[in-house]
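Q: no letters, just coordinates:
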């Protein structure tokens with residue numbers, strides 16, 4: 001299978017045959033030769049228009065397989081979402097964002113492949129997808145720009161879009177109170193920016209990055225945990 005297969009150049013060379021059998025043999029041989037060309041085991045000098053047609057066929061075949069693969073991935077994402085909505089598995093904002101990005105990528109692959117196969121016969125699909133993508137991005141983007149460098153957030157200024165800044169659990173609690181009006185205890189949120197500033201002030205961030213590889217047993221982890229706790233308790237709270 002490593003080299004090229006030597007087939008007679010003239011598919012009509014079917015000596016000793018006649019009538020319907022000869023025509024059927026000729027069609028079968030041509031089909032077989034085309035198949036060998038598609039899988040790269042035969043090369044034949046053809047007219048330019050036939051070479052172009054064969055190239056288009058290969059391109060369409062590849063794009064169609066890409067379309068099917070993206071469609072399968074898209075359907076798997078929808079199935080995963082359905083399981084979450086039915087309460088079979090817990091999920092948070094991170095899951096929603098990840099699946100949304102993946103499904104948009106899958107649909108983009110399908111639209112792009114369909115455009116190649118159809119000769120750009122459905123230009124409205126890309127415009128519709130761009131609009132949907134823009135809407136999803138506006139919903140999924142965190143609100144860091146509204147509270148740059150915030151160390152603490154009050155419940156009243158936090159909602160479901162603040163999961164990257166306040167954490168998923170606190171963001172959802174604030175959304176329940178602020179959007180639905182349900183009772184939630186008063187309080188505040190120490191943001192991820194505030195936590196980062198604290199561990200940098202305590203000198204823990206670089207320590208964690210370098211000490212992780214030194215943990216070889218449970219006792220090492222316990223000693224390191226006590227050291228981190230002491231540093232945090234002695235650190236000045238950033239203002």
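A: The structure has been received and is ready for your questions. Just so you know, these numbers come straight off a predicted model, no measurement behind them.
Q: sec struct for residue 170, please.
A: helix (DSSP: H, G, I helix; E, B strand; the rest coil).
Q: tell me which residues form a beta bridge with the closest residue to it other than its chain neighbours?
A: In space, not counting the residues next to it along the chain, residue 170 is nearest to residue 189; the distance is 4.9 Å by CB to CB, 6 or more residues apart in numbering. C-beta here means a position set from N, CA and C on the backbone, and glycine is covered the same way. Going by DSSP bridges, residue 189 is paired in beta bridges with residue 153.
Q: give me the domain ranges for this structure.
A: Per the record, the chain has its domains at 17-42, 48-140, 147-201, 202-239, by automatic domain parsing.
Q: winner for burial among those?
A: Most buried of the domains of the chain by mean neighbour count (mean count of other CB atoms under 10 Å) is domain 147-201; its value is a mean of 16.
Q: worst-scoring helix or strand of this structure, pLDDT-wise?
A: When the helices and strands of the chain are compared on mean pLDDT, DSSP states H and E, helix 205-211 comes out lowest with a mean of 60.
Q: moving C-terminal of that helix, what's the next helix or strand?
A: Proceeding N to C from helix 205-211, the next assigned helix or strand is helix 218-234, under DSSP states H and E.
Q: give me the helices and strands touching that next one, please.
A: helix 205-211 (3 or more CB pairs under 8 Å, 6 or more residues apart in numbering; DSSP states H and E).
Q: okay, and residue 186 sits in which element?
A: Going by DSSP H and E, residue 186 is not in any helix or strand.
Q: from what I can see it touches residue 156, true?
A: No - if you go by CB atoms under 8 Å, residue 186 and residue 156 don't touch, sitting 9.7 Å apart.
Q: tell me the contacts of the residue nearest to residue 170?
A: Listed by CB atoms under 8 Å, 6 or more residues apart in numbering, the contact set of residue 189 reads 152, 153, 154, 155, 158, 162, 166, 167, 170, 174.
Q: let's see that with 10 Å instead.
A: Residue 189 is in contact with 150-155, 157-158, 162, 165-167, 169-171, 173-174, counting by CB atoms under 10 Å, 6 or more residues apart in numbering.
Q: tell me the pLDDT at it?
A: If you check residue 189, the pLDDT there is 81.
Q: for it, give its distance to residue 181.
A: 19 Å (CB to CB, to the nearest Å).
Q: check residue 86 too.
A: Noted for residue 86: a distance of 27 Å to residue 181, by CB to CB.
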